[in-house]
Each structure stands twice: as C-alpha cells, then as structure tokens.
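Participant: got a predicted structure here, sequence first:
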Amino acid sequence: MKGEGLSAIRDAYLAAAESAARLLADPAVAAVWDRPSALPEFSVRGLAGHLGAQVLHVSRALAAEVPDGVPLTVAEFYAGATAFEADVDDEISVRIRQGGEAAAAQGAQALVAEVESTVAQQRSALAAEPAHRIVAFFTGKLLLDDFLLTRLMEIVVHSDDLAVSANITTPPLPPQVFEPVLDLLARLAVARHGQTAVLRALSRAERAPETIAGI
C-alpha cells in the first residue's frame, strides 16, 4: 500500500529498501559472508555492504545541505557515471568495493540493524520532503525522486547479485517496484546500444545482439 504523503517512486524505493533489509538478514548471506560473490573481486560481505549502502546513501543525502543550481536529469546522471564503463581494476571500481567492505566491517548483524533502522526513519523523512527537493550525490545534483530511482535500480540489481552469491532465490518484487527499474534499464540499454539492438533483442531472437545490458 502506498504510504500517505509519499510519491509513487518514494513508496517504491521504501518497499525495495525493506526487501533489501530482509535479504541481508537471511542466514544464507551470513553463512557465506567471507566467500567470493557472484561479482568479480567482490566478497559477499562487500557486496552486502554495497547493497546496504544504497539505503544509507539516501539518509546521508537528506541530511546534507540542499545544493544550489539546476539538477541533472536521470539521463544526464548516467551519462556522467563513469563507474558503469570502468574495468574491475580501475580506481572507481576499487573505491566502490572498498566502500562496500567498509559498510560491512562490523559484520552481518550490525549491517542488518543499521539498514533496518535507517529504512524505518526514512519513511517519515521522505514523506516530509517537498517534490522539488534537490540532493547532491557523487556525480552531481538530482531531484530527490530521481535520486531515489537510481537507488531503487541499484537495490534491485544488487539484490539479485547477492541472492545468487548466497545460492538463494532472488526476492520477488511487486510491479510498482520492478517496473520503474525495468523502464530505466530499457532506456539505458537504448542509450548504450541503440533502438534497433534493443528492439531486436526483445522481439527477434534470430537477429538479437549478444547483449543489450543497460549498465
């Protein structure tokens, strides 16, 4: 059910964040905490920390000073996000993995507790923010709802990564959570590969390209 005072994307983000907290709390994740994950060079704990950090980033952005200036569009944000084009050993990739390790440094239970308490606080915090609220993130400024869409995508994608790493079922998500991510990934796929490649991948197996990965 959509929360009172919450936009659709804010409600979807909170549902995804709650799902991520449940996934992080699954005993199967703690059981493989120190093993390699499904992502190159990521440990399971580092991947769990990176997933949890997507929730923590939101509270940090809300607590920071409201930036001046015109926010980026979502398309502009991703056009400037070099992490998606970086190799596994590039500096930005290393920093991302280090950030995940730092977030998980106190162990699985501590990470779960932090994420759960943060999500609980965010429901009222997000309901109180105006529609035009701008937040700052590493690569620029975004409207809050656009920023939440980017975190929603990260949570959904990395929930699958973590579930695969722990050999458990990827958490199913309701349409109002999954469909904004599907739409965003489709748009990113078109930006990266072009309309024709995406059209063929979705409609013509005999002419489909090898990949239309959006990120």
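Facilitator: Nice, I can see it.

Participant: what packs against whichever strand or helix holds residue 17?
Facilitator: Assigned by DSSP states H and E, residue 17 belongs to helix 8-24. Counting contacts by 3 or more C-beta pairs under 8 Å, 6 or more residues apart in numbering; DSSP states H and E, helix 8-24 is packed against helix 44-63, helix 108-127, helix 144-165, helix 175-193. Every residue, glycine included, has its C-beta placed from N, CA and C.

Participant: please name every helix or strand in contact with the following helix or strand past the shortest one.
Facilitator: Scanning the chain past helix 175-193 towards its C-terminal end, the next helix or strand to appear is helix 195-203 (assignment: DSSP H and E). In terms of contacts (3+ C-beta pairs under 8 Å, 6+ apart), helix 195-203 is packed against helix 175-193.

Participant: so what's the gap between the helix it packs on and the chain middle?
Facilitator: 13 Å (C-alpha atoms, centre = their mean, to the nearest Å).

Participant: and the residue minimising distance to the centre of the chain, how far from residue 53?
Facilitator: With distances taken as C-alpha atoms, centre = their mean, residue 154 lies nearest the centre of the chain, 1.5 Å away. According to C-beta to C-beta, to the nearest Å, residue 154 stands 9 Å off from residue 53.

Participant: what's the closest non-adjacent residue to the residue nearest to the centre of the chain?
Facilitator: residue 54 (4.5 Å; C-beta to C-beta, 6 or more residues apart in numbering).

Participant: quick check: that neighbour touching residue 24?
Facilitator: No. Between residue 54 and residue 24 there is no contact under C-beta atoms under 8 Å: 11.2 Å.
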